[in-house]
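**Student:** Next comes the sequence, and after it the predicted model I'd like to discuss.
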Amino acid sequence: MDIATVLSLVGGTAIVVAAIAMGGSPKLFFDVPSILIVGGGTLAATFIKFSMKDVLNSVSVAMKTFIVKLDPPEQVIEKMVSLAQVAKKEGLIALEKVQPDNPFMGKALRFLADGYDEKLIQEVLSKDIRLTVQRHSIGQNVFKSMGTSAPAFGMIGTLVGLVQMLSNMSDPKNIGPAMAVALLTTLYGALLANLVFNPMADKLALRSQEEALIKEIILESAIAMSQGTSARVLEEALKIYLAPKAREKVKGEPAAAAAGGKAR
Amino acid sequence: MDIATVLSLVGGTAIVVAAIAMGGSPKLFFDVPSILIVGGGTLAATFIKFSMKDVLNSVSVAMKTFIVKLDPPEQVIEKMVSLAQVAKKEGLIALEKVQPDNPFMGKALRFLADGYDEKLIQEVLSKDIRLTVQRHSIGQNVFKSMGTSAPAFGMIGTLVGLVQMLSNMSDPKNIGPAMAVALLTTLYGALLANLVFNPMADKLALRSQEEALIKEIILESAIAMSQGTSARVLEEALKIYLAPKAREKVKGEPAAAAAGGKAR
Amino acid sequence: MDIATVLSLVGGTAIVVAAIAMGGSPKLFFDVPSILIVGGGTLAATFIKFSMKDVLNSVSVAMKTFIVKLDPPEQVIEKMVSLAQVAKKEGLIALEKVQPDNPFMGKALRFLADGYDEKLIQEVLSKDIRLTVQRHSIGQNVFKSMGTSAPAFGMIGTLVGLVQMLSNMSDPKNIGPAMAVALLTTLYGALLANLVFNPMADKLALRSQEEALIKEIILESAIAMSQGTSARVLEEALKIYLAPKAREKVKGEPAAAAAGGKAR
Amino acid sequence: MDIATVLSLVGGTAIVVAAIAMGGSPKLFFDVPSILIVGGGTLAATFIKFSMKDVLNSVSVAMKTFIVKLDPPEQVIEKMVSLAQVAKKEGLIALEKVQPDNPFMGKALRFLADGYDEKLIQEVLSKDIRLTVQRHSIGQNVFKSMGTSAPAFGMIGTLVGLVQMLSNMSDPKNIGPAMAVALLTTLYGALLANLVFNPMADKLALRSQEEALIKEIILESAIAMSQGTSARVLEEALKIYLAPKAREKVKGEPAAAAAGGKAR
Amino acid sequence: MDIATVLSLVGGTAIVVAAIAMGGSPKLFFDVPSILIVGGGTLAATFIKFSMKDVLNSVSVAMKTFIVKLDPPEQVIEKMVSLAQVAKKEGLIALEKVQPDNPFMGKALRFLADGYDEKLIQEVLSKDIRLTVQRHSIGQNVFKSMGTSAPAFGMIGTLVGLVQMLSNMSDPKNIGPAMAVALLTTLYGALLANLVFNPMADKLALRSQEEALIKEIILESAIAMSQGTSARVLEEALKIYLAPKAREKVKGEPAAAAAGGKAR
């Protein structure tokens, strides 16, 4: 779990709330029918678009995104390079005993240990990557869709409030407060969309992209191992996946690092 | 028919309606000319863009989406794996007697029983998938287009109402109610678009994607059968189409499940 | 010409006009300077973007879209299947005497009669399809661009009216009517875009897609004929282009229909 | 230079200006600080996004678009067909003496005269087309970006004006004129975007597409010449690049026209 | 560092500020809670979407974009052409001693000196280009996302201000100033998005595209060297990457320039 991120998030939100509170009583900003219109409308639209299962799924994926931290690519590269050394010394069959946390890596190693050929590994693993990305996109779409519905129902609520206010303007003193309440739904919709739904959708998309990158690294390593590429050459090849600065952080085998310039 | 979805949908909508009713008489929200402008305008725009046939078609497809439930991919995979066992034991010709509900599966099996070669099956079935997706996109576009037209004609109706009100402001008392009525068309347009048309368009797109996935599973199975792949290997390959959690739900042949890790 | 479509279009528009008329004198909605600003501005923007020739062209194509009806794909398939029978019996040279209405079909038949080889037919005809789609996209863009410009100049006209009204508010009685007139340009822009330009652009895009589908059917048939495929097999292959329901409407040769299940 | 286009452009703009003038003194629409905000803001944003060189470049390209007229494709086709006849009779070396205006055509002819092989011509010329399209897209992006910035700074100016007006409402008589001035920036932004920047961006995109089409014609002709295709066959093949109506306008060699139906 | 660009940027911004100051006291435009809402909200949304590392990274990349100037493509071409001459005369091994500033060029030269084969160079370097573009897109997305969040939180702040004002309208004199303050957040959001975040995102995208172009030039040169292409032919081929005007600026070897027309 990324503490720094959570802290900045909480801090940022606190600042917004504090700034609102500076302007007057926060009670003004709480209205039950407004919450029902925005929340109920957004849920109704979401349940037409997606099945119950899709919605629950995407919420649990979103939770996991905040709690489970991905292995940084540097670490995955180190792991794959050390496995390549093992495979070189003891044969691909030695990979059978390795039990990695990452299930995709586990699958790749099992394929190698079982002696699957290069083309089949490429085919099966890249289909896995493609279909996982496609599956993840449904979770993103649930949040994206809620990020579109919430402001729309916010506007609908405000229109409802305006129609009610305008039809009944006998007492001019009520106009101001009635309009304030009418605007609340728009505010709710905008806050939900911009502070919750849209950021979550983007976060899930970014996470899915990062996962795909890590899987690509594993896929490339598996193919290299199956071709018998040396650990040094593999390390050089994998470093391309990292930003220039991060490349130095990879702790390869010392010999490889020294001789890296002449790799081959 | 997905009861849970329908219940959540009805519930969500009821909450919105209740929240509106809490604010005053629902009669305020009913105005015949407003309904005519939004409904008539949206229909007129839709009938310029699409033919009568396209529109009726897309409505009937939308209905079917709510009533007919797709076979879950797990079940399709089980079915195909068991058929692969049959084909292995009794030959491809035995598939002739199978009468599946899914017409695409029926077609694939007929091709196998008739001894079509692998390349031809791939070609014909993937053209079928591609053209079906393209045909379905017209239905989605009908709803998407209505989801764009409805708010536009809502705004047009409000402009009409404002022009009428502003040209005739002799009695200040009428201004409020006249403006309330003018806003109704915008409200109608927003509700139609966000609660009906846009969600339906998204639903159809998602459904079309799910159907394509199931057809892809059938296509891959058909090719595997025509190549004589064993049921165990096919099951391993098809599970990639499922989310990790759903993979366990597939009830394959026990032997396959036990020996799965060593498949080949 | 699609009578049903035209009727629904006229009906829909009539309903909108009637609903407007119910609210007061239609004279209110007519203002010459407003028409000049929206019409003139839209034309000026269109003539910067496109040449005179492109604009005239796209209008004439749009006219044709309403008057000329495309052959339904079912009919094209029947035609191509019957031609395939002719070709099979009397040789490809017999196609020379056929004079189809569709110029693309005529071209394909001439190529077959002249004995062009399969690869060349594929190459020339698919380049024709690609370039036609590209050419048609200019016509769509003319209307799309007018659909963007009209509301923009509507807003510009309203801003002009507001500036004039606000600079000169000596007589409060004039404010209402002046603002009503200012809003007219926005109304004109919205009506033009949503009832004319955008639907026309979408219509042209849909028509272009339908034409491309028919040409694809002809292309596939021509290649099949040049390969000497039998009419029965061709019919099976072409039916994939139709929706499942429409497939039954194709009147193939009776023998083919009966033996269809075993086609090879 | 396309006189008709320029006339329609000037006419359209004149109509808009006249319609504005009908409503009152044009002095109302002139305000120096408003011009500074919209103009300065748009320039500042543009210079962050693009380098000075890119901006100047795109302006000069835009100028050229209005002054230099492209050769119509019909003419390019006639030219290439006549060159193909020359090449056929006198050999490719004879193309060395031809000095066409179009530099891309010149390059293609030089390659042919120098005896470059077909694959190399294809490779070099299509890379040229691709990179030119990419380079032209920068010019379009400069205008597109100004078309986005101008209305944004228009709105910013209006907000600035409103804040100033609202903070200082001691004299109610000033409210109207102050708001009129505040709205001017929005009007400027909308006019600049919709009458100048966006149309220019679209024009450049269309022009770039037309140029690419002409280059494709030249590329295809060059390859055909290098393969020794006859002028008649080449003419048939190139006509596909034209709209059906324009095809008749090409003045090919009479024999070819007569025998066209049997071309091979 | 591009002085001209920075000057125009500063000048443009100064004009906007001056125009605002002409309208009254700039103190009006400064409000702490408004700054907190827009700034805090934008940061909070950004930290949900991206990790702390991504945000810091994108800021440092943005800084570098203004300080470090890219080598113009003309210069890179000259450099590569002169290296090709060296390689031709002294063998690829001579490239080992060259120490270019550009790390990508250094890598390409090392590969050449080490005798990597053509296909491997192509594969590794183009993967490097593709992954760098993908990495850079995260930096662009951080700014794009801030450019979307800032106006959204501006609107949220204005809604908050309006609700507070409308709920408490006892003293009509306060309405104007309260609304002025409410509008400030919208102004802040629009300024931040249109003057800072969106231009920065576009700048980074353009810079990433320019870097990719330079890398493509280096990649093509490396492959040509490994194939033993002559410097003259390479120069001809690389010039296609330049705009026609820039082509003359390349100072190739005089002989090549003279004989360029006959290059082979």
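**Tutor:** Cool, the structure landed. Numbering: from 1, shown residues only, chains lettered A, B, ... in the order given.
**Student:** Look at the one residue in the stretch 101-250 of chain A that gets nearest to chain D and report its pLDDT.
**Tutor:** Nearest residue of the stretch 101-250 of chain A to chain D (C-beta to the nearest C-beta) works out as residue A:176 at 16.2 Å. Placement of C-beta: from N, CA and C, glycine included. Predicted confidence (pLDDT) for residue A:176: 86.
**Student:** all helices for the stretch 1-150 of chain A, in order.
**Tutor:** Counting by DSSP state H, counting those that start in this stretch, the stretch 1-150 of chain A has helices at residues A:3-22, A:32-49, A:52-67, A:73-90, A:103-113, A:118-166.
**Student:** what about those, which gets the closest to chain C?
**Tutor:** Distance to chain C, taken as C-beta to the nearest C-beta, is lowest for helix A:118-166 among those, at 16.2 Å.
**Student:** who does that closest one touch, helix- and strand-wise?
**Tutor:** Packed against helix A:118-166 by the contact rule (3 or more C-beta pairs under 8 Å, 6 or more residues apart in numbering or on different chains; DSSP states H and E) you find helix A:32-49, helix A:52-67, helix A:103-113, helix A:172-191, helix A:198-226, helix B:3-22, helix B:172-191, helix B:198-227.
**Student:** Repeat the analysis, applying 6 Å as the threshold.
**Tutor:** The elements that helix A:118-166 packs onto, with contact taken as 3 or more C-beta pairs under 6 Å, 6 or more residues apart in numbering or on different chains; DSSP states H and E, are helix A:32-49, helix A:52-67, helix A:172-191, helix A:198-226, helix B:172-191.
**Student:** So is the third one next to chain B?
**Tutor:** No. No part of helix A:172-191 sits near chain B under the criterion C-beta under 6 Å from any C-beta of the partner chain; the closest distance found is 8.9 Å.
**Student:** Alpha carbons only: can I get that helix in CSV?
**Tutor:** Once side chains and other backbone atoms are set aside, the C-alpha atoms of helix A:172-191 remain, and they are given as CSV (Å, rounded to 0.1, in the frame of the first residue of the first chain):
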residue,chain,number,x,y,z
PRO,A,172,-39.6,35.8,-2.7
LYS,A,173,-37.7,35.1,0.5
ASN,A,174,-37.7,31.4,-0.3
ILE,A,175,-36.2,31.8,-3.8
GLY,A,176,-32.6,32.0,-2.6
PRO,A,177,-32.5,29.0,-0.3
ALA,A,178,-34.6,26.9,-2.8
MET,A,179,-32.1,27.6,-5.5
ALA,A,180,-29.3,26.8,-3.2
VAL,A,181,-30.8,23.4,-2.6
ALA,A,182,-31.4,22.9,-6.3
LEU,A,183,-27.7,23.5,-7.0
LEU,A,184,-26.6,20.9,-4.4
THR,A,185,-27.3,18.0,-6.8
THR,A,186,-25.0,19.5,-9.4
LEU,A,187,-22.4,19.9,-6.7
TYR,A,188,-22.7,16.3,-5.6
GLY,A,189,-22.5,15.0,-9.2
ALA,A,190,-19.4,17.1,-9.9
LEU,A,191,-17.7,16.0,-6.7
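**Student:** Okay, buried residues for that helix please.
**Tutor:** A:175-191 (16 or more other C-beta atoms under 10 Å in any protein chain shown).
**Student:** any residue of that helix up close to chain E?
**Tutor:** Yes. Using C-beta under 6 Å from any C-beta, we find that helix A:172-191 touches chain E at A:176, A:177, A:179, A:180, A:183, A:187, A:190.
**Student:** Now for residue A:215, how many residues are close by?
**Tutor:** Using other C-beta atoms under 10 Å in any protein chain shown, residue A:215 is surrounded by 21 other residues.
**Student:** Next up, the contacts around the residue of chain A positioned farthest from its centre.
**Tutor:** Here the centre of chain A is the reference, and by C-alpha atoms, centre = their mean the most remote residue is residue A:170, at 52.1 Å. By C-beta atoms under 6 Å, 6 or more residues apart in numbering or on different chains, the contact list for residue A:170 is empty.
**Student:** name the element it belongs to?
**Tutor:** Under the criterion DSSP states H and E, no helix or strand holds residue A:170.
**Student:** where does it land on pLDDT?
**Tutor:** 78.
**Student:** Apart from its chain neighbours, what residue comes closest to residue A:127?
**Tutor:** The shortest distance from residue A:127 to any residue other than its chain neighbours is 5.7 Å, reached at residue B:240 (C-beta to C-beta, 6 or more residues apart in numbering or on different chains).
**Student:** That neighbour: how many residues sit nearby?
**Tutor:** Quick note: residue B:240 (other C-beta under 10 Å) scores 18 neighbours.
**Student:** Please apply the same query to residue A:245.
**Tutor:** Residues near residue A:245, counting by other C-beta under 10 Å, number 9.
**Student:** That one and chain B, how far apart?
**Tutor:** In this structure, residue A:245 and chain B are 33 Å apart, going by C-beta to the nearest C-beta, to the nearest Å.
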